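**Student:** I would like to see how this sequence folds:
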Amino acid sequence: MCSNLVQFSNKINSHEFVDIVTQTVNILKKERRERSRHNNKIENDCVWIKIPENLVIIGDIHGDIKSLHKILDEINFEVFLANKNNKLVFLGDYIDRGSSSVEVLYTICKIKQTYPDSVVLMRGNHEASEEFPFQSYDLPQSIEKYFGSSESNKIHSLMLELFRFLTVMTIIEDHLLIVHGGLPVHVNESIKEIGSPSNKNKTLLLLEEILWNDPRIINSSANWEISRRPYGKHFGSSITQKWLDTTQTKVLVRGHEPCMGYRVDHDEMILTLFSCKESYPKFEAGYLYIKNNELSSIKNASELSKHVRKINSSD
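**Tutor:** So this is what the prediction gives:
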């Protein structure tokens, strides 16, 4: 079982919750200000990471604390994260749909606060409700139910501040391009401009596409189409190839869609990961665990998928 760091034998105290989240916000602000964190280079919403000794990537959690605890148990997270040369990357969508959004938020913040050099917290579309409102956003109700109405507005405002400082794009240099949803359909953007405050309209469009886009087989010269979701687009394989060429990476890793733990798309250029079981019982949950020498030899998403570990959250 997980240690007391992330176990909840008693209800989380609101003051402790606020304190942990505030500390996490301050860590993220400092990273942005200093533009660095152990072996990481940070520019606006993007992070560049040198290939770690060991890498774990966790997909969408959606309030499923049981699956999250299972993964943390399996990777022996305290030992894993104590090594600053290891990296744990979360793909976002920590909240909504499941029964334990508050506990999941507390857990990821506690982990980031305790092991700041080893943890990358990315932003999912469910962490961007201010910019892109959608019906299934139930975090305010979850907060009010957990902490009561007197503190819910203050806590929710704090969470929105946290979400604004989460990473949008992560690059494992020469190997992996990592986002929550998908790739912008126009590739002539400077990577460093993603999240730049200098052009808000452009930044908002990039944010929408990175958080909401999905890969599909597209039979048009434009190689994209309007999404069936409330926001975003579907993008084709030529866009994926251009982004991998631009970032000098080999595989796009993303979440955003339920699958059988993982899925390979776009001629073995994309690996989709999904780590939530509670709200998606017809699907499976998995996460990526790969060592330095293994990642160095990866050529495509099919080879990378061999390092996905599926979990049995019913244990």
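
**Student:** Please make it C-alpha for all contacts and neighbour counts, starting now.
**Tutor:** OK.

**Student:** For the stretch 1-150 of the chain, which segments are assigned as helices?
**Tutor:** Listed in chain order, the helices of the stretch 1-150 of the chain (DSSP state H, counting those that start in this stretch) span 14-34, 65-74, 77-82, 101-114, 139-147, 149-164.

**Student:** for the stretch 151-300 of the chain, that is, sorry about that
**Tutor:** Assigned by DSSP H, counting those that start in this stretch, the helices in the stretch 151-300 of the chain fall at 200-212, 237-247, 292-296.

**Student:** now stretch 270-285: mean pLDDT?
**Tutor:** The average pLDDT within stretch 270-285 is 96.

**Student:** Need the distance between the two termini of it.
**Tutor:** This stretch, stretch 270-285, spans 17 Å end to end (C-alpha to C-alpha, to the nearest Å).

**Student:** so how far is it off the chain centroid?
**Tutor:** 14 Å (C-alpha atoms, centre = their mean, to the nearest Å).

**Student:** With distance to Ala222, mean neighbour count and mean pLDDT as added columns, please give the helices of the stretch 1-150 of the chain in CSV.
**Tutor:** Shown next, in CSV, are the helices of the stretch 1-150 of the chain (distance: least, C-alpha to C-alpha, whole Å; neighbours: other C-alpha atoms under 10 Å; pLDDT from 0 to 100):
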stretch, distance to Ala222, mean neighbour count, mean pLDDT
helix 14-34, 35, 17, 96
helix 65-74, 39, 20, 97
helix 77-82, 43, 16, 98
helix 101-114, 38, 21, 97
helix 139-147, 37, 17, 97
helix 149-164, 31, 16, 96
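
**Student:** residues making contact with stretch 230-240?
**Tutor:** 132, 134, 182-187, 208-209, 211-218, 223-227, 252, 266-267, 269 (C-alpha atoms under 8 Å, 6 or more residues apart in numbering).

**Student:** quick one on the thing from earlier: can you check which of the helices of the stretch 151-300 of the chain gets nearest to Phe77?
**Tutor:** In terms of C-alpha to C-alpha, the element of the helices of the stretch 151-300 of the chain nearest to Phe77 is helix 292-296, at 17.3 Å.

**Student:** Give me the residues contacting the closest one.
**Tutor:** Ile51, Pro52, Glu53, Asn54, Leu55, His175, Leu304.

**Student:** thinking again about what came up before, let's have the helices of the stretch 1-150 of the chain in TSV, adding distance to Tyr287.
**Tutor:** Compiled in TSV, the helices of the stretch 1-150 of the chain are given as follows (distance: least, C-alpha to C-alpha, whole Å):
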stretch	distance to Tyr287
helix 14-34	24
helix 65-74	8
helix 77-82	13
helix 101-114	16
helix 139-147	24
helix 149-164	22
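
**Student:** Between those, which one is closest to Gly286.
**Tutor:** With C-alpha to C-alpha as the criterion, Gly286 lies closest to helix 65-74 of these, at 8.5 Å.

**Student:** For that closest one, enumerate the helices and strands it packs against.
**Tutor:** Counting contacts by 3 or more C-alpha pairs under 8 Å, 6 or more residues apart in numbering; DSSP states H and E, helix 65-74 packs against helix 101-114, strand 308-311.

**Student:** possible to save these as CSV with distance to Asp64?
**Tutor:** Output for these, formatted as CSV (distance: least, C-alpha to C-alpha, whole Å):
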stretch, distance to Asp64
helix 101-114, 7
strand 308-311, 13
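
**Student:** Tell me which of those sits nearest to Asn26.
**Tutor:** Smallest distance to Asn26 across the helices and strands packed on helix 65-74 (C-alpha to C-alpha): 9.4 Å, for helix 101-114.

**Student:** can you give me the angle the closest one makes with helix 139-147?
**Tutor:** With axes from the mean of the first three to the mean of the last three C-alpha atoms, to 10 degrees defining the directions, helix 101-114 sits at 90 degrees from helix 139-147.

**Student:** So the closest residue to Cys259 other than its chain neighbours versus Thr22, what's the distance?
**Tutor:** Closest residue to Cys259 apart from its sequence neighbours, by C-alpha to C-alpha, 6 or more residues apart in numbering: Phe283 at 5.7 Å. The gap separating Phe283 from Thr22 is 34 Å, by C-alpha to C-alpha.

**Student:** can you check Gln141 too?
**Tutor:** 21 Å.

**Student:** What of Pro258?
**Tutor:** Relative to Thr22, Pro258 is positioned 31 Å away (C-alpha to C-alpha).

**Student:** all strands of the stretch 201-315 of the chain, in order?
**Tutor:** 214-215, 224-226, 233-235, 251-254, 262-265, 270-273, 285-291, 308-311 (DSSP state E, counting those that start in this stretch).

**Student:** got the buried residues for stretch 235-244?
**Tutor:** Phe235, Gly236, Ser237, Ser238, Ile239, Thr240, Gln241, Trp243, Leu244 (16 or more other C-alpha atoms under 10 Å).
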